[in-house]
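Student: Below: sequence and its predicted model.
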Amino acid sequence: MPAPVHLLTGATSGLGLEAARHLLADPACRLIAGARRPDRAYALRGLAPADRLAILPLDLLSLESTMAFADLVAARLDGGRLASLAANAGLQFVGLPRLTRDGYDETFQANWLGHAVLIERMLPRLAPAAPVVLTASGTHDPTKREARMFGFRGGLFTGAERVARGDLDATASARQQGMDRYATSKLCAVLQVYALARRCGTDGPRFIAFDPGLMPGTGLARDRGAFEQWAWSNVMPLVARLVPGASTAARSGAAYAELLTGRAFARGTGLHVDYTLREIPSSRDSHRVDWQDELDLFARRTAQAVMN
Ligand SMILES: NC(=O)c1ccc[n+]([C@@H]2O[C@H](COP(=O)([O-])OP(=O)(O)OC[C@H]3O[C@@H](n4cnc5c(N)ncnc54)[C@H](OP(=O)(O)O)[C@@H]3O)[C@@H](O)[C@H]2O)c1
């Protein structure tokens, strides 16, 4: 039997690096990872020899780069199929919206749209029942107390076109707008998991939204000020021990790998799962079928436009 090949974005640090570590602990496993700077992915590169680990250039802020990455992955597969796809990379930029060269809000494109296009392109390359896991977040849900404690107020889906421009609530402070865009990108991920599960049915790949819990100390605070970055890395890991719903990158990365290998949730699609590998409820908004369909159409149209 050929070795299973997994595809993972955001594998250079934090949660993705830990998930990669667990996947590659199995000597039979091969991994293709995307990284903005493959030459600087030292920690990832040290996990396995080059015949089991390919680190290919991927900048999700560029649709051109995303498509070039997808083409390289397809070439590597050489007619084979992916055992899983993990759409994990993400950023949290807390400020007013900034547009990419493609004309989309950066948070929207890096966290959701780039992955949506990648998934569309890879659908025919997925093995039957392959898990496709999108990294979600409790911040998408306005009822999550621990997310509210940190200033998140849930995703604000104002329509795909407006969300794509980062146009959510212009009356809020710049900081709040950044947090809203992050939470909304995660709401988009959950909406898309449900949309894809309906579109592909029970015989297709299996779509899972994974909430890794609060994991202080990862690189996610890199766009914050120096003090906040320091607190995120040095204080928050201690405080988090007292916060319900908090995890660590190591713990959540292990759970992620269980999902990707199919050892956890070997069946089922359209799932929302947390780092303890329990199925958990997602926000009320995430069940809006009209929003799921609108976003799914947006993803397909964008993918079609860049593939042509
Ligand atoms: N930390 C938490 O508390 C938390 C909670 C819930 C959900 N999450 C989610 O978990 C996922 C991983 O985050 P993390 O906490 O592990 O943060 P992290 O350490 O900053 O990891 C983020 C990863 O995304 C990659 N990335 C960022 N922008 C990219 C781009 N434009 N193109 C390609 N790759 C890009 C980074 O790669 P580079 O090496 O190129 O920078 C890095 O590998 C994210 O989706 C995040 O939203 C995190």
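Tutor: On my side now, so go ahead. Numbering: from 1, shown residues only.
Student: For the stretch 201-308 of the chain, what lies in contact range of the ligand?
Tutor: Counting by CB under 6 Å from any ligand atom, the stretch 201-308 of the chain comes close to the ligand at 212, 214-215, 218-220, 249. (C-beta placed from N, C-alpha, C; glycine too.)
Student: Top of these by number of neighbours, please.
Tutor: residue 212 (26 neighbours; other CB atoms under 10 Å).
Student: isn't it right up against residue 252?
Tutor: Yes: between residue 212 and residue 252 there is a contact under CB atoms under 8 Å: 3.7 Å.
Student: sorry, back to before: with secondary structure, pLDDT and distance to residue 144 added, can I get the residues of the stretch 201-308 of the chain next to the ligand in JSON lines?
Tutor: Shown next, in JSON lines, are those (DSSP: H, G, I helix; E, B strand; the rest coil; pLDDT from 0 to 100; distance: CB to CB, whole Å):
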{"residue": "212", "secondary structure": "coil", "pLDDT": "97", "distance to residue 144": "13"}
{"residue": "214", "secondary structure": "strand", "pLDDT": "93", "distance to residue 144": "10"}
{"residue": "215", "secondary structure": "coil", "pLDDT": "95", "distance to residue 144": "15"}
{"residue": "218", "secondary structure": "coil", "pLDDT": "92", "distance to residue 144": "19"}
{"residue": "219", "secondary structure": "helix", "pLDDT": "88", "distance to residue 144": "22"}
{"residue": "220", "secondary structure": "helix", "pLDDT": "90", "distance to residue 144": "17"}
{"residue": "249", "secondary structure": "helix", "pLDDT": "97", "distance to residue 144": "20"}
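Student: is any part of stretch 69-87 close to the ligand?
Tutor: No: under the criterion of CB under 6 Å from any ligand atom, the ligand is not reached by stretch 69-87; the shortest gap measures 8.2 Å.
Student: can you give me how far that stretch is from the chain middle?
Tutor: Chain-centre distance of stretch 69-87: 17 Å, with CA atoms, centre = their mean, to the nearest Å.
Student: give the contact list for residue 275.
Tutor: With contact set as CB atoms under 8 Å, 6 or more residues apart in numbering, residue 275 has these partners: 210-213, 247, 251-252, 255.
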